[in-house]
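S.K.: Just to be clear, the model below is a prediction. Sequence and coordinates:
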Amino acid sequence: MRKHIKLYIPAVLLILGAGCSKNYFDINNNPNAATNTTPELVLPNALKVTVSTQLTGYTYLCGWMGYWAPSGSYAISASDVASYKQTNDTYSGSWTTFYRNLEDYDYVETSAKLQNKPFYVGAAKIMKAFVFQQLVDQYNDVPYTDALKGTTSIQPKYDKGQAVYEAIALQLDSGVKYMQNPSATAMATSDILFGGSTSNWIALANTLRLRIAMRQSQMSGRDAYIKMEIGKIIANGGGFLTADATVNPGYAGSAGQQSPVWGYFVTLTGNPTSGGQADYWRAAQYSISFLVNNNDIRYKFIYSTSSDANHPYIGNVLGSLTNIPGTGSSSIGPGILVSVSQPAVLISLAESYFLQTEANLRGWLGNTGDDNTNFEKGVKASFEYLNASNPGSTPDKTAADLLAQSANKNTNYQACTNFNEKLACIIRQKWVAMNTITPFEAWSDYRRLTLPADIPVSVSPYKDGPNIPLRVLYPTSEYTTNGKNVGAEGTIDAHASKIFWMP
């Protein structure tokens with residue numbers, strides 16, 4: 001069973017919550033917009049916006065990471081996802097969405113301090129760290145110290161990515177302390193993530209801090225810093241996530257209120273949106289082949305059956321001019337598209353366990369758990385999320401069956417005999433678990449470790465680079481409104497310019 005908290009937030013709260021932005025991107029503020037409200041009203045909408053980006057904002061990464069490929073119904077072009085081509089506007093939505101999202105969290109933090117509401121200060125600090133990390137992981141250097149200051153700093157300077165990482169780690173430490181305050185309480189309905197549970201927020205902060213630490217694993221001379229950061233996690237005693245961290249404000253079966261994953265791909269009745277994402281995307285044959293070849297039944301839950309009776313599960317190849325017709329290949333499966341009211345994932349339980357597994361393997365978590373136990377928990381959490389843990393009939397197999405393949409180093413951690421094999425096994429199973437849920441993490445692991453090592457590069461004849469892109473380009477809006485500062489970052493090459501933590 002999936003573990004999550006489902007709460008209902010009246011639409012008026014979400015509407016009011018959207019009006020606090022200081023409009024970093026728009027100095028011509030609307031004088032009729034709300035400028036003063038309470039953190040209880042702003043936090044729900046801010047959380048809703050953040051979680052909505054985790055799949056719908058990164059669908060192109062599902063193509064790059066071997067999860068999906070465009071349907072054969074769509075012509076291959078020099079500007080589609082398979083070409084890897086970027087302009088400064090191709091993925092600019094993340095920049096705009098995240099900085100406006102950060103303005104809302106900043107408002108929550110500032111107003112909560114004035115109103116002596118430590119819970120909301122802590123939640124805002126934790127979520128600001130979450131969003132800033134994703135900005136760094138896409139763009140490297142970003143505005144941080146000068147950001148979120150409204151018209152007092154309309155051309156904010158850029159901070160080095162590593163400096164931002166170190167700053168948000170401190171913000172997480174502060175956020176945990178606010179959550180540990182005995183007076184840290186909240187209206188359950190204002191916290192659509194954890195229903196006001198401070199212990200769950202602390203576990204989220206710890207899991208995020210571990211993600212941030214592990215991102216830096218390949219940096220030379222960084223081991224002491226990583227160990228210090230993990231030591232702070234252990235010291236606060238809050239542990240890590242023990243359930244999927246999901247947001248659900250009360251998604252409903254009416255226009256504009258359905259779960260973001262559901263609404264992105266299908267209509268309210270469950271049919272693919274005409275000309276929409278479920279029509280555009282099909283399964284990638286690479287992913288289906290891997291799962292089938294390793295006796296992993298999760299392909300039946302990640303993907304739907306095809307219309308080809310002889311090949312019930314079949315996918316396309318990213319960039320191929322001879323893709324299988326779109327009506328024949330597999331689409332999005334029942335473990336991903338569950339219902340119009342399904343919760344949206346912020347950080348999955350599977351990721352929490354796989355992060356711990358890698359930290360255990362590297363000897364960075366001390367006596368906190370062990371690598372094999374956490375690895376198996378990660379695989380089982382993935383099965384449970386997809387509702388694949390209790391299959392209906394033979395030849396379906398459970399997570400235990402997958403883990404019991406004694407000679408398979410893709411599925412059985414104990415079959416691996418050295419560090420490199422074990423690390424590859426961890427990241428391979430993490431890659432499976434992130435499929436169509438949080439693809440950003442798969443892309444980040446691939447850039448950090450080049451694992452899984454055999455993720456195929458697009459075969460598009462229009463491909464504009466030799467490798468899967470390493471980063472996203474700064475948006476045009478920055479070059480037109482903050483040209484001096486973004487220009488100081490130099491010439492950016494999406495295929496060669498690295499994020500600071502990349503080897």
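M.R.: That came in fine, so what should we check first? Just so you know, these numbers come straight off a predicted model, no measurement behind them.
S.K.: Return the set of buried residues in stretch 472-486.
M.R.: Val472, Leu473, Tyr474, Pro475, Glu478, Asn482, Asn485, Val486 (16 or more other C-beta atoms under 10 Å). C-betas here are computed from N, CA, C, even on glycine.
S.K.: just checking, next helix/strand downstream of the least confident helix or strand in the chain by mean pLDDT?
M.R.: One helix or strand of the chain scores below all others by mean pLDDT, DSSP states H and E: helix 11-17, with a mean of 33. Where DSSP states H and E defines the elements, the next helix or strand beyond helix 11-17 is helix 39-56.
S.K.: Show me what that next one is packed up against.
M.R.: Judged by 3 or more C-beta pairs under 8 Å, 6 or more residues apart in numbering; DSSP states H and E, helix 39-56 is in contact with helix 11-17, helix 93-114, helix 118-139, strand 245-247, helix 260-265, strand 344-347.
S.K.: want to try JSON lines for those, with mean neighbour count as columns?
M.R.: Compiled in JSON lines, the helices and strands packed on helix 39-56 are given as follows (neighbours: other C-beta atoms under 10 Å):
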{"stretch": "helix 11-17", "mean neighbour count": "17"}
{"stretch": "helix 93-114", "mean neighbour count": "21"}
{"stretch": "helix 118-139", "mean neighbour count": "25"}
{"stretch": "strand 245-247", "mean neighbour count": "25"}
{"stretch": "helix 260-265", "mean neighbour count": "22"}
{"stretch": "strand 344-347", "mean neighbour count": "23"}
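S.K.: quick one on the thing from earlier: give me the subset of the buried residues of stretch 472-486 that lies in helices.
M.R.: Among the buried residues of stretch 472-486, DSSP state H puts Glu478, Asn485, Val486 in helices.
S.K.: show me what contacts the second one?
M.R.: Taking C-beta atoms under 8 Å, 6 or more residues apart in numbering as the contact definition, Asn485 lies against Pro143, Gln155, Pro156, Lys157, Tyr158, Glu478.
S.K.: can you put the helices and strands packed on helix 39-56 in JSON lines and add distance to Pro452?
M.R.: Converted to JSON lines, those look like this (distance: least, C-beta to C-beta, whole Å):
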{"stretch": "helix 11-17", "distance to Pro452": "39"}
{"stretch": "helix 93-114", "distance to Pro452": "24"}
{"stretch": "helix 118-139", "distance to Pro452": "19"}
{"stretch": "strand 245-247", "distance to Pro452": "25"}
{"stretch": "helix 260-265", "distance to Pro452": "24"}
{"stretch": "strand 344-347", "distance to Pro452": "21"}
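S.K.: List only buried entries from the contacts of Asn485.
M.R.: The neighbour count (16+ other C-beta under 10 Å) marks Pro143, Pro156, Tyr158, Glu478 as buried among the contacts of Asn485.
S.K.: and those residues, which of them are in helices?
M.R.: Using DSSP H, those in helices are Glu478.
S.K.: Return the member of the buried ones among the contacts of Asn485 nearest to Gln285.
M.R.: Set against Gln285, the nearest of the buried ones among the contacts of Asn485 by C-beta to C-beta is Glu478 (37.9 Å).
S.K.: Go ahead and confirm that closest one touches Trp95.
M.R.: Yes. The pair Glu478 / Trp95 is scored as a contact, 7.4 Å apart, by C-beta atoms under 8 Å.
S.K.: which regions of the stretch 251-400 of the chain lie under the pLDDT threshold?
M.R.: Low-confidence regions of the stretch 251-400 of the chain, defined here as pLDDT under 70, cover residues 255, 267-276, 278, 325-327, 390-396.
S.K.: now the helices for it?
M.R.: 260-265, 277-280, 285-293, 299-302, 349-361, 371-385, 399-403 (DSSP state H, counting those that start in this stretch).
S.K.: can you list contacts of stretch 132-139?
M.R.: Outside stretch 132-139, the residues that reach it (C-beta under 8 Å, 6+ apart) are 53, 91, 94-95, 98-99, 102, 142, 144, 161, 164-165, 167-168, 208, 211-212, 215, 440, 444, 471-472, 474, 499-500.
S.K.: Would you list the buried entries among the residues you listed?
M.R.: 53, 91, 94-95, 98-99, 102, 142, 144, 161, 164-165, 168, 208, 211-212, 215, 440, 444, 471-472, 474, 499-500.
S.K.: I'd guessed Pro249 sits against Pro44; true?
M.R.: Yes. Pro249 lies in contact with Pro44 (C-beta under 8 Å); the separation is 5.8 Å.
S.K.: Name the nearest residue to Tyr264, sequence neighbours excluded.
M.R.: Thr56 (4.6 Å; C-beta to C-beta, 6 or more residues apart in numbering).
S.K.: Can you verify my assumption that the one you found contacts Pro260?
M.R.: Yes. Assessed by C-beta under 8 Å, Thr56 is found in contact with Pro260 at 5.5 Å.
S.K.: Could you tell me the least trusted of the helices and strands packed on helix 39-56?
M.R.: Per-segment mean pLDDT for these reaches its minimum on helix 11-17, at a mean of 33.
S.K.: and Ile389, how many neighbours?
M.R.: In this structure residue 389 is Ser, not Ile. Using other C-beta atoms under 10 Å, Ser389 is surrounded by 16 other residues.
S.K.: and what of Asn310?
M.R.: Neighbour number of Asn310 under other C-beta under 10 Å is 6.
S.K.: same check, this time on the one 3 residues further on
M.R.: Other residues near Tyr313 come to 21 when the count uses other C-beta under 10 Å.
S.K.: quick one: it and Ser217, what's the gap?
M.R.: The gap separating Tyr313 from Ser217 is 35 Å, by C-beta to C-beta, to the nearest Å.
S.K.: circling back to that earlier point, grab the two from the contacts of Asn485 that are most spread out in space.
M.R.: The widest separation within the contacts of Asn485 (C-beta to C-beta) is 12.2 Å, between Lys157 and Glu478.
S.K.: Give me the distance between Met502 and Lys484.
M.R.: The value you get for Met502 to Lys484, if C-beta to C-beta is used, is 26 Å.
S.K.: Please name the residues that touch Met179.
M.R.: Neighbours of Met179 in contact, by C-beta under 8 Å, 6+ apart: Pro118, Phe119, Gly122, Ala123, Ile126, Thr198, Trp201, Ile202, Ala205.
S.K.: Next: Thr411.
M.R.: Thr411 is in contact with Asn294, Asn295, Asp296, Val379, Leu402, Leu403, Gln405, Cys425, Gln429, counting by C-beta under 8 Å, 6+ apart.
S.K.: Give me the buried entries from the residues you listed.
M.R.: The buried subset of the contacts of Thr411 (16+ other C-beta under 10 Å) comprises Asn294, Asp296, Val379, Leu402, Leu403, Gln405, Cys425, Gln429.
S.K.: nearest to Gly150, of the contacts of Thr411?
M.R.: Gln429 (44.6 Å).
S.K.: Apart from its chain neighbours, what residue comes closest to the closest one?
M.R.: Val379 (5.6 Å).
S.K.: Now do the residue nearest to Trp95 when sequence neighbours are not counted against Ile437, distance only.
M.R.: Spatial nearest neighbour of Trp95, chain neighbours left out: Pro475 (4.8 Å); criterion: C-beta to C-beta, 6+ apart. With distances taken as C-beta to C-beta, Pro475 is found 26 Å from Ile437.
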